[in-house]
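J.: Predicted coordinates and the sequence they were generated for:
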Amino acid sequence: MVPWWLLAVLIVGVNVLLWGVVGLLRLAEGLASRLMHRRVARGSDDRAATRAGSGNAGSHALGLTVDDVAVLIPAHNEAAVIGESLRAIMRLVPPANVHVVSDGSTDATTRIAESSGAQVIATVRNVGKAGALQEAIQRFRLIERFRVVLLLDADTRIDPGYMAAALPMFDRPDVVAVAGRVKTDRGRKLSLIGNILTAHRQRIYGFGQRALKYGQTWHHLNATHIVPGFASMYLTRVLPRIEMNPPGLVIEDFNMTFEVYQKRLGKVAFTMGAVAVTQDPDNLRDYVRQTKRWALGLWQTVRRHPPRRNLFTAMLTLLLLELVTSSVLFLLTPFVLVTLLVPEVARSSLDLQWFAQVHGFVHARVSLTTLLYGIVLPDCAVTCVIAVVERRPRLLICGFAFLPMRLIDSAIGLYTLPMAWLSKSDGRWKSPVRRAVGAPALTRRPVLYVRPAAAVPDGWRTGAGPPR
């Protein structure tokens, strides 16, 4: 008989246990560091106290400020949401620092971006997100003009404290990329299915960021498999060494992260204080399409990057093994459940020789109690914890649907595995259905820059731009 605790470990994953412990060590180190800084601030002069609090002003030891940050937004038919995203980011950085590349858009995306005061170019045709980013970085000359680039999705709204939390991460000389925390947008009126899908995605975000990414990005043990593309920051000096748009990949963020580690360019930092809100799919068709795209992108990137003798490869291998194992177990669970329950309802089913043999095989290894303690209760516990820490009681209401959603995710993950070797992608994209929403109430924070915004160069409007 399989013990319930072993099933729970296989479902939840050793990765979660390992990086969860590392995350606790990182948290303890951070608390100790803050206590030490407070003691130093109490007993030091005003200059030392100012240095201790300088991170709140949006600058740090390297002298990085928001003026050093270029914002690059790739957009394909994002007219419903790009206006709010631009307004949110322009509260934090000079408008002249915001750049939009319209990737073959056929709606009002380009016009809305131009009217916002951003610098805008358009690709001749739909070349895909990675291709659009690569073209825009060259045409805007971002590497020569800025020290940091923020790659921002067109549906993502940046929290007022994003820069103040993210820029100090570059204090460490080995940090070359910074990831922020994502939340799913709550400003839309959704159907029952829409609420379930977004709640499921928020639970994934909340659990993954706290149980995995927080520990994976500790500077002592650094090995995260992705810097999510919704809002990721890179030092521009490393971009020439990152192959952003290799042929055959459907998405770019997995590949860019792998390149950082496999080429030993530096480390990735992550902070819970850098928050961005994104619009996740609110219908099943778009959810399946996006999840398939993400899963395929992971396996394609794994195919492209051969393993190496480093911590990143070891942790990635463990993650992939657990992903496959948990997916198989989840897909087998309905079969096991039906096999165990049918005789409880219809004892005559055991008179069928083939069913009696199957039932005997399953019953000897798994019981209903094992499924309850090994799958259902751990899943419910995760939902309750994330609902509390994220302050999202809606997760409890939608919790009944999370196990079926995990079945869908598991099926997609296994389906896309062979596709990564059997098919090629051109990177072209189609965004999920977007819902226009009002900007959320923003917390009042200090303005992070004081210089007036520079005029937008006329030559950088649609279709123009610096020479390639």
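T.: That came in fine, so what should we check first? Keep in mind that what you see is a predicted model, and the values were worked out from it rather than measured.

J.: What ranges does the stretch 151-300 of the chain have for its strands?
T.: 157-158, 175-184, 231-235, 267-278 (DSSP state E, counting those that start in this stretch).

J.: Show me what the second one is packed against.
T.: The reference is to strand 175-184. Judged by 3 or more Cβ pairs under 8 Å, 6 or more residues apart in numbering; DSSP states H and E, strand 175-184 is in contact with helix 162-166, helix 192-208, strand 231-235, helix 253-262, strand 267-278. Backbone N, C-alpha and C define where each C-beta goes, glycine included.

J.: List the residues that contact the residue most central in space within the chain.
T.: Central residue of the chain (Cα atoms, centre = their mean): residue 228, 3.7 Å from the mean position. With contact set as Cβ atoms under 8 Å, 6 or more residues apart in numbering, residue 228 has these partners: 179, 182, 253.

J.: Beyond the lowest-mean-pLDDT helix or strand in the chain, next helix or strand please.
T.: Scoring the helices and strands of the chain by mean pLDDT, DSSP states H and E places helix 46-52 at the bottom, with a mean of 44. As assigned by DSSP states H and E, the chain's next helix or strand after helix 46-52 is strand 69-75.

J.: Show the average pLDDT along that next one.
T.: Strand 69-75 carries an average pLDDT of 97.

J.: what comes up buried for stretch 262-282?
T.: 262, 265-271, 274-282 (16 or more other Cβ atoms under 10 Å).

J.: Now do it: distance from first to last residue.
T.: In stretch 262-282, first residue to last residue: 36 Å (Cα to Cα, to the nearest Å).

J.: Adjust the sequence numbering to begin at 58 for everything that follows.
T.: Done: numbering now begins at 58, and the last item shifts to stretch 319-339.

J.: Relative to residue 399, how far out is the residue of the chain positioned farthest from its centre?
T.: In terms of distance from the mean C-alpha position of the chain, residue 408 ranks first, at 51.2 Å (Cα atoms, centre = their mean). Distance, residue 408 to residue 399, using Cβ to Cβ, to the nearest Å: 12 Å.

J.: For stretch 294-305, list every residue counted as buried.
T.: Across stretch 294-305, burial judged by 16+ other Cβ under 10 Å covers 295-296, 299-302.

J.: Output it as CSV - backbone C-alpha positions only.
T.: Extracted in CSV, the C-alpha atoms of stretch 294-305 (Å, rounded to 0.1, in the frame of the first residue of the first chain):
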residue,chain,number,x,y,z
ARG,A,294,25.1,45.1,-20.9
VAL,A,295,24.2,41.4,-20.9
LEU,A,296,21.6,41.6,-23.7
PRO,A,297,24.1,41.3,-26.5
ARG,A,298,25.1,37.9,-25.1
ILE,A,299,21.5,36.6,-24.8
GLU,A,300,20.1,35.1,-28.0
MET,A,301,16.6,36.5,-27.6
ASN,A,302,14.9,35.1,-30.7
PRO,A,303,16.4,31.8,-31.7
PRO,A,304,14.4,29.9,-34.3
GLY,A,305,11.8,27.4,-33.3
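
J.: so for it, what's the average pLDDT?
T.: Rounded mean pLDDT across stretch 294-305 is 94.

J.: Contacts for it, please.
T.: Contact with stretch 294-305 is made by 185, 187-188, 190-191, 194, 200, 204, 206, 233-234, 291, 309, 312-313, 316-317, 320, 322-323, 357, 361, 481-482, 484, as judged by Cβ under 8 Å, 6+ apart.

J.: Buried among those residues? Need that as a selection in PyMOL.
T.: Provided next is the PyMOL selection string for whichever of the contacts of stretch 294-305 are buried by 16+ other Cβ under 10 Å:
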select buried, resi 185+187+188+190+191+194+200+204+206+233+234+291+309+312+313+316+317+322+323+357+361+482+484
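
J.: which SS class is residue 207?
T.: Using DSSP: H, G, I helix; E, B strand; the rest coil, the three-state assignment for residue 207 comes out as strand.

J.: who touches it in this structure?
T.: Contacts of residue 207 (Cβ under 8 Å, 6+ apart): 126-129, 288-290.

J.: cutoff 7 Å now
T.: Taking Cβ atoms under 7 Å, 6 or more residues apart in numbering, we find residue 207 in contact with 126, 128-129, 288, 290.

J.: just these now: which is nearest residue 148?
T.: Nearest to residue 148 among those is residue 128, at 11.8 Å by Cβ to Cβ.

J.: how near is that closest one to residue 211?
T.: The gap separating residue 128 from residue 211 is 11 Å, by Cβ to Cβ.

J.: Kindly report the same for residue 444.
T.: 29 Å.

J.: now residue 292
T.: With Cβ to Cβ as the criterion, residue 292 and residue 211 are 23 Å apart.

J.: Equivalent analysis for residue 232, please.
T.: Separation of residue 232 from residue 211 (Cβ to Cβ) stands at 26 Å.

J.: between these two, who's got more neighbours?
T.: A count of neighbours by other Cβ atoms under 10 Å puts residue 211 above the other of residue 232 and residue 211, at 29 against 19.

J.: The more buried one is in contact with residue 138, isn't it?
T.: Yes: using Cβ atoms under 7 Å, residue 211 makes contact with residue 138 at a distance of 6.2 Å.

J.: Residue ranges of each domain in the protein, please.
T.: 112-365+491-504, 375-479 (automatic domain parsing).

J.: Show me the least confident stretch of the ones you listed, going by mean pLDDT.
T.: Lowest mean pLDDT within these: domain 112-365+491-504, a mean of 91.

J.: now that domain: how far from the chain's centre is it?
T.: 8 Å (Cα atoms, centre = their mean, to the nearest Å).

J.: again with stretch 427-439
T.: Per Cα atoms, centre = their mean, the centroid offset for stretch 427-439 relative to its chain is 25 Å.

J.: Please point out which parts of that stretch sit buried.
T.: If you call a residue buried by 16+ other Cβ under 10 Å, then stretch 427-439 has these buried ones: 427-428, 430-432, 435-436, 439.

J.: Now flag whichever of the contacts of residue 207 is closest to residue 227.
T.: The closest of these, once distances to residue 227 are taken by Cβ to Cβ, is residue 290, at 8.1 Å.

J.: Can you verify my assumption that the closest one contacts residue 204?
T.: No: Residue 290 is not in contact with residue 204 according to Cβ under 7 Å; the separation is 10.6 Å.

J.: just checking, next helix/strand downstream of the biggest helix by length in the chain?
T.: With secondary structure taken from DSSP state H, the chain has its longest helix at helix 368-402. Downstream of helix 368-402, the next assigned helix or strand under DSSP H and E is helix 410-420.

J.: Using PDB, write out the CA atom coordinates for the helix or strand just after that next one.
T.: Next helix or strand after helix 410-420 toward the C-terminus (DSSP H and E): helix 425-428. What follows is helix 425-428, C-alpha atoms only, in PDB (Å, rounded to 0.1, in the frame of the first residue of the first chain):
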ATOM      1  CA  LEU A 425      -9.700   6.200  -0.700                       C
ATOM      2  CA  THR A 426      -8.000   7.400   2.500                       C
ATOM      3  CA  THR A 427      -4.700   7.600   0.700                       C
ATOM      4  CA  LEU A 428      -6.300   9.800  -2.000                       C
END
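
J.: Understood, closing this out.
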